[in-house]
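A.B. asks: no sequence on this one, just coordinates:
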DNA sequence: TATTGTTATACTCTATAACTATA
DNA sequence: TATAGTTATAGAGTATAACAATA
């Protein structure tokens, strides 16, 4: 049995994480790590990282969306989006066209390949979602999403 | 009014994020970003990043804990913990002592300075927690933590 | 043989400053 | 003067391989 404290001979059998578990940041990070782990494995066939998938999905559902709008929606910085979009464009998933109302901006549009691929990828993501939330009831899953949205909105 | 789809003249007024909002990963990331933003500002006086705080808190509550145990509890890799612990040791918050039962391992112990500083830092973190969850009732906050834990445990 | 802590190193992610074209 | 997209670059975070000491 470990000495309770201050002794140089103390050691730990079961790590006490009770304090950290009272913090939203700690729990959100652990949960996100668990979900991303599943995502990386299951989405490997599409060769889409979480952020690639998010961007492609936004373009699919928002034809003509601009870089700035994507950055705002995903919490990423404009310089870091450039290479990502170049990649999606090179793969023939996204095309850049001039913005109709603003000469500074560029509209991002999904190609037919994007529509087809993302239909399958989103389906897979939704299945994977249920897998990641397998310990939750459907009602609990909906509650969890709602409460998380209340935090960041 | 933007053309619904496929037109090169389409543009977006309000970004449709409804699909992504059905995914736990997206919502957990957004919530974590919101919480960390508050954390970085409020914890600046302690000069502790979230991960430094988590490690120091674990050492405080688990005198004699090993590197491996910290890595397992926080989901970080052993090589990346070394420099972090060196920093905490240099600041006089943590000391390394031989493990009583295992010659390979090192026990990590909090100094009196750690006890004092972390008492204040944990108090601040708990206050900050309520701030980050200001849009949630106390009951909702508890539910949120419980459901997140169900996901990763 | 396996595990702990460590070093070295590579890779990815994130952040800042500055430029251009346009508003 | 401000904003969108971009470039270059720096910094932080995360990953793998390999080693010495110990189990």
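C.D. replies: Structure's in. What do you need? What you see is a predicted model, and the numbers here were worked out from it, not measured in a lab.

A.B. asks: torsion angles phi and psi at residue A:82?
C.D. replies: In terms of degrees, to the nearest 10, the main-chain angles of residue A:82 are phi -60, psi -50.

A.B. asks: what does the lowest-mean-pLDDT helix or strand in chain A contact?
C.D. replies: Ranked by mean pLDDT, DSSP states H and E, the weakest helix or strand in chain A is helix A:24-42, scoring a mean of 94. By C-beta atoms under 8 Å, 6 or more residues apart in numbering or on different chains, the residues outside helix A:24-42 that reach it are A:20-21, A:49-50, A:124-125, A:127-128, A:131-132, A:148, A:151, B:24-25, B:28-29, B:31-32, B:35-36, B:39, B:50, B:54, B:75, B:129, B:132-133, B:141, B:144-145, B:148-149, B:151-152. For glycine as for every other residue, the C-beta is placed from the backbone atoms N, C-alpha and C.

A.B. asks: chain center to stretch A:38-56, what's the gap?
C.D. replies: Centroid separation between stretch A:38-56 and its chain, computed with C-alpha atoms, centre = their mean, to the nearest Å, is 9 Å.

A.B. asks: just to revisit the earlier point, now list the buried members of the contacts of helix A:24-42.
C.D. replies: Among those, those classed as buried by 16 or more other C-beta atoms under 10 Å in any protein chain shown are A:20, A:50, A:124-125, A:128, A:132, A:148, A:151, B:24-25, B:28-29, B:31-32, B:35-36, B:39, B:50, B:54, B:129, B:132-133, B:141, B:144-145, B:148, B:151-152.

A.B. asks: give the rounded mean pLDDT of the top helix by length along chain A.
C.D. replies: When chain A is parsed with DSSP state H, its longest helix is helix A:112-132. Mean per-residue pLDDT for helix A:112-132: 96.

A.B. asks: report the angle between the axes of it and helix A:24-42?
C.D. replies: Orientation check (axes from the mean of the first three to the mean of the last three C-alpha atoms, to 10 degrees): helix A:112-132 against helix A:24-42 gives 120 degrees.
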